[in-house]
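A.B. asks: take this sequence and fold it.
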Amino acid sequence: MGRSRTRRPAPVPPSGLPEELRTTLQPLLGDAVNDLEAALATPSPTSLRLNPAKPFAPSGTPVPWCSTGLYLDERPAFTFDPLLHAGCYYVQEASSMLLEPALRATGLLGDDIRALDLSAAPGGKSTHLRSLLTPASLLVANEVDRRRAQVLQENLWKWGGPNTVVLNDTPERLAATGISFDLVVLDAPCSGEGMFRKDPFARAQWTPGLVRQCATVQRTILPHAWDLLAPGGFLVYSTCTWEPTENEGQLIPLLEQGAEPVDPHFDATWGVQHTEVEGVIGHRCYPHKVRGEGFFIAVLRKPGERSGHRLRSDGTTALPNGIRADRPQQVVVREDVEHVVDATWAPVVEHLCRSTRVLSPGTPLWQLNGDRKDPHPALALSTLLDRTAFIPVELDEAQAIAYLRGEALPARDVRGTGLVLHRGHALGWVSGAGNRWNNNWPAPWRIRAQHPHAVRVSWSMTPAHR
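C.D. replies: Take a look at the predicted model:
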C-alpha cells in the first residue's frame, strides 16, 4: 500500500489513537471506535497470495474474498523459503486482496486489456493483477521512486508473468504520452492509519498535517490517472487510511466530471463496511471487523464506450531462443538486454521506451555481452521459459538456500548453463566449471540474514529445521 513517510514523528497518546483521529473516526464508527482501538493492540494476521502459474500446496485458511489468498497460523521466516524467491507466492496483507472482487465487478477479467498500476511498488497489487488478467493482456507497472521501482521490478520478475512492463516515471510524464488504458489501479500514497497495528512507525508519524499533505499529493496524481483511462475504462482507487479527505473527498471531483460509481457488492459476511458519501461508493476495512488491516477501496467507470483490442495470433512466427509461447512475440532491446513482449503490444511498448523511463519493456531474455548472450535472471523465473533448452539442476532445501546465499555448488564434470530447480520450480542459473556450478543468482537478491533458530514455513521439506 502507498504510504507517505516523514522524519518528524508525533507523540502517541496512551490510548493508542491520536485524539484528532478519534474525532475523525467517531462519525464513521460511533462507539465502535473503542473496538477498533482494542483490535489495534492485537497481533496482525499473517497472509499470503499464491501464484497460480507456479502451483504448490501450502496449508492455511482461505481468505474469503481472494481465490488464491491464505491465512497462516503463525508468521514464519519467509526469507528462508526458496519457494518465495521462486515467485510461488507473495506475502500480502489480506485486506489488499479485495482488489480481486473489485476487478470482477468491472467485467474486464477475461478480456485482453491494457492495464496500468500507477503507484505500484513494492508489487503486491501488480503481481495480483498479473495473475487476474489474461496472459495476453498488457500490464504496465509504474513507480516514481527509483529504489522502490527496483524492488517492484524484482518482485514482478520473480512472479514471472508475460507482457509486463516496469516504468520509473511520474504520472505527469506518463499521461503526456497519450497512451490510454482500460484499467488504472491507483493505490495512492496516504497517511497510513490502516497500518497502525502492523507498523509502529505509521502511528508515530501520524499528524493532521500529514493527512493534509497526503490529500494534496493525491489531488495531484488523480487527474493524471483519470487522463490515462480510456473511455469506458475503470479506475480502482485504494488507500490504507480511513480519512474521508483522502478517500471519498478525492473522488467526488471525478463524479462531477461524469465518473460513474461502481459497487462491487462485497459479501456482507466479510465484514467490509459499505459507505456512500456524495455519490461515491466506498468500502472500508477495520481490523475489529475484518481479518486484515485498515483499507479503503472504490471503483469508478469513465463515461464512453470501451473499444476492445483485437490481438493477432500467428503460430508460425519464430520465437526467440529459450522461450515458448502460443502468440507471436517481438524482441525489444533495452540497455544491452533482449526483452520479449506480445507483438500486438510492441508499438505501445516502443512508444513508452521513447517517452518514459522504462526499466524493463517486457520479459528479459538475454544479457548481451559482446558476441556472447547470457540468460537473464528473469528468464529463469518466467512462465515463458522453455526448460528443455537448459540443463536441469534440482536442489534440496539446504542446497537451494546455499544457492540463494550466492554460494557455488559442488558438482562433477559439468559444463554449460544449468537451470536451478527446487521442488520443480525454477530459481535461476548456474554455469558449469568442471567440479562446481558457479552461482549466477543476482547479488542484490541474495539472502544475507542468518537463520539458526528461524521458524520455518509449514510446507518446508525439512521439518527437523523448524
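A.B. asks: where's Arg436 relative to Pro377, distance?
C.D. replies: 19 Å (C-beta to C-beta, to the nearest Å). No exception for glycine: its C-beta is placed from N, CA and C like everyone else's.
A.B. asks: more neighbours: which of these two?
C.D. replies: Pro377 (20 against 16; other C-beta atoms under 10 Å).
A.B. asks: so what pLDDT did the closest residue in space to the more buried one that isn't next to it in sequence get?
C.D. replies: Using C-beta to C-beta, 6 or more residues apart in numbering and skipping residues adjacent in sequence, the residue nearest Pro377 is Pro442, 5.2 Å away. According to the prediction, Pro442 has pLDDT 97.
A.B. asks: surely Pro442 and His376 touch.
C.D. replies: No. With contact defined as C-beta atoms under 8 Å, Pro442 does not reach His376; the gap is 9.8 Å.
A.B. asks: compare the two (neighbour count), which wins?
C.D. replies: More neighbours surround His376 than the other of Pro442 and His376, with 24 against 15 (other C-beta under 10 Å).
A.B. asks: contact partners for that one?
C.D. replies: His376 makes contacts with Val337, Glu338, Pro364, Leu365, Trp366, Gln367, as judged by C-beta atoms under 8 Å, 6 or more residues apart in numbering.
A.B. asks: what residues are bridge-paired with the residue lying closest to it once chain neighbours are set aside?
C.D. replies: Computed as C-beta to C-beta, 6+ apart, the closest residue to His376 that is not its neighbour in sequence is Pro364, at 4.0 Å. Going by DSSP bridges, Pro364 is paired in beta bridges with His339.
A.B. asks: Pro364 and Leu381 touch, don't they?
C.D. replies: No. Contact between Pro364 and Leu381 fails when scored by C-beta under 8 Å: they sit 9.9 Å apart.
A.B. asks: find the residues that touch each one of those two.
C.D. replies: With C-beta under 8 Å, 6+ apart as the test, Pro364 and Leu381 both reach Trp157.
A.B. asks: hang on, Val331 in a helix?
C.D. replies: No. Under DSSP: H, G, I helix; E, B strand; the rest coil, Val331 sits outside any helix and is assigned strand.
A.B. asks: helices of the stretch 51-200 of the chain, residue ranges please.
C.D. replies: Along the stretch 51-200 of the chain, counting by DSSP state H, counting those that start in this stretch, helices occupy 82-85, 99-104, 124-132, 146-159, 171-175, 200-205.
A.B. asks: could I get these as TSV with mean neighbour count?
C.D. replies: Listed next are the helices of the stretch 51-200 of the chain as TSV, based on neighbours: other C-beta atoms under 10 Å:
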stretch	mean neighbour count
helix 82-85	23
helix 99-104	21
helix 124-132	24
helix 146-159	20
helix 171-175	18
helix 200-205	17
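A.B. asks: any stretches of the chain with poor pLDDT?
C.D. replies: Applying pLDDT under 70 to the chain picks out residues 1-15, 309-318, 461-466.
A.B. asks: domain parsing for it?
C.D. replies: Segmentation of the chain into domains, based on automatic domain parsing, reads 19-44+93-301, 313-389.
A.B. asks: could these go into a markdown table alongside distance to Gly432?
C.D. replies: Below are the domains of the chain laid out as a markdown table (distance: least, C-beta to C-beta, whole Å):
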| stretch | distance to Gly432 |
| --- | --- |
| domain 19-44+93-301 | 24 |
| domain 313-389 | 13 |
